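A.B. asks: Have a look; sequence and predicted model below, questions after that.
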Amino acid sequence: MTGRTMERTRRWRPTALVATLVAAALLGGSACSLQDDAAPDGNVPAPRSTTGIWLSDQELAALPTSGAAWQQVQEAASGDLGQPALADQDSDHDVRTLASALVAARTGDRAMQDKAVAALSEAMGTEDGGRTLAIGRNLQSYVIAADLVDLDAADPAVGARFRTWLRAVRTEDLDGNTLVETSNERPNNWGTHATASLIAAAAYLEDTAELNRLANVFRGWTGDRRAYSGFNFGGDLSWQANPDAPVGVNPVGAKLAGVDVGGALPEEMRRGGSFTTGTPGDTGYPWGALNGAVVSAELLSRRGFDAWSWGDQALQRATEYLFKLGWGPGNDDEWVVPLVNARNDGKDHPAQSEVGLGKNLGFTNWTHGSRSPG
């Protein structure tokens, strides 16, 4: 497995929707006079959207608070989160922070809310000295956690600082590269994680233009080169169904020397060696790329894009291809499967009842395996 209090006088609000309705009733229609939650400039932040960038209030309320999957979330949330380290690609602090946010959002636990807010506050700036792969992996859970705890309302000062930092970090120079450049240029796990983090940031910041741009980048990765074709592929194109038009996921029915490679991730399969008609060289990189890709698809789908269908259901096909090879997910990849299953029209892949902390996310056996696809 990958190695991966703040005191305030404001009260914890169970959900943003309840808070908004109560405030509107008390103040004759507008919740924007709640000066106890005012930001330093006197403005009250807009409440968290009830649709959520990862889970809605309704979806959260429907999740169970018993069973092994829930227990796993609680254990990750209640333990020591460790030290924030966006520069460390193997840090678990991001996913443990997400666990705290999930428990807080589901139960209204004020201590968990405070814990998540403090973790988010401490994480900002820890990307210094790292690479875009590290922040690409780690940023996703932090952004989702900020949305789950309604950071702007929970602590307006931290919320405002988080938004300012999040806007800037997208183009911050990290070891000679930026998240935007990595997303645009790298069709492997570096790129899929960078794209997922940028999509999370754009959704959180309600940056519609950037969200649309990133949607095209992701669609291009799934195989639609009309949407985007600016990636720099590696020198070994032997796994590409069409080396003259390389893609992130091989198309349906693709064959090389009579071997079905539809759904293969060429840029990751080559890490195990050039294409062969025999058994491919073993590599875990395809699962690493899917870690970022499924987050991108889910975030985009919640913003109205039909991302799970792009590339003829590229992510479902990629998952199926790996299982056909007998390459099940490693411990820190297991969380991918419940999410894919939830979006897979009932065609389930084998999933673990317990899902370890992932490289960039986790707990989907509770968030998505415990409810009907929404």
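C.D. replies: It's in.
A.B. asks: ok, Gly248 - contacts?
C.D. replies: Counting by Cβ atoms under 8 Å, 6 or more residues apart in numbering, Gly248 touches 187, 192, 220-223, 231, 265-267, 289, 293, 314. For glycine as for every other residue, the C-beta is placed from the backbone atoms N, C-alpha and C.
A.B. asks: if you set the cut-off to 7 Å instead, what comes out?
C.D. replies: 187, 221-223, 265, 267 (Cβ atoms under 7 Å, 6 or more residues apart in numbering).
A.B. asks: Select only the buried ones of those residues in PyMOL?
C.D. replies: The following PyMOL line selects those of the contacts of Gly248 that are buried, judged by 16 or more other Cβ atoms under 10 Å:
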select buried, resi 187+221+222+223+265+267
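A.B. asks: Tell me which entries of the contacts of Gly248 lie within helices.
C.D. replies: Members of the contacts of Gly248 lying in helices (criterion: DSSP state H): 221-222, 267.
A.B. asks: for the residues you listed, which one is nearest Gly253?
C.D. replies: Ranked by distance to Gly253 (Cβ to Cβ), the ones in helices among the contacts of Gly248 are led by Thr222 at 15.6 Å.
A.B. asks: Need the nearest residue in space to the closest one, chain neighbours excluded.
C.D. replies: In space, and not counting its chain neighbours, Thr222 is closest to Gly311: 3.0 Å by Cβ to Cβ, 6 or more residues apart in numbering.
A.B. asks: Could you do Ser229 as well?
C.D. replies: Nearest to Ser229 is Gly220, by Cβ to Cβ, 6+ apart, at 5.8 Å.
A.B. asks: ok, the one you found to Gly248 distance?
C.D. replies: Gly220 is 8 Å from Gly248, where distance means Cβ to Cβ, to the nearest Å.
A.B. asks: Could you confirm the residue nearest to Thr222 falls within a helix?
C.D. replies: Yes: according to DSSP: H, G, I helix; E, B strand; the rest coil, the state of Gly311 is that of a helix.
A.B. asks: Run a quick check on it versus Asp224, I expect a contact.
C.D. replies: Yes: shown here, Gly311 and Asp224 form a contact pair, counting by Cβ atoms under 7 Å, at 6.4 Å.
A.B. asks: quick one, strands of the protein?
C.D. replies: Listed in chain order, the strands found in the chain under DSSP state E are 255-256, 259-260.
A.B. asks: would JSON lines of those with mean neighbour count, distance to Asp348 and mean pLDDT be doable?
C.D. replies: Below are these laid out as JSON lines (neighbours: other Cβ atoms under 10 Å; distance: least, Cβ to Cβ, whole Å; pLDDT from 0 to 100):
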{"stretch": "strand 255-256", "mean neighbour count": "14", "distance to Asp348": "26", "mean pLDDT": "98"}
{"stretch": "strand 259-260", "mean neighbour count": "14", "distance to Asp348": "21", "mean pLDDT": "97"}
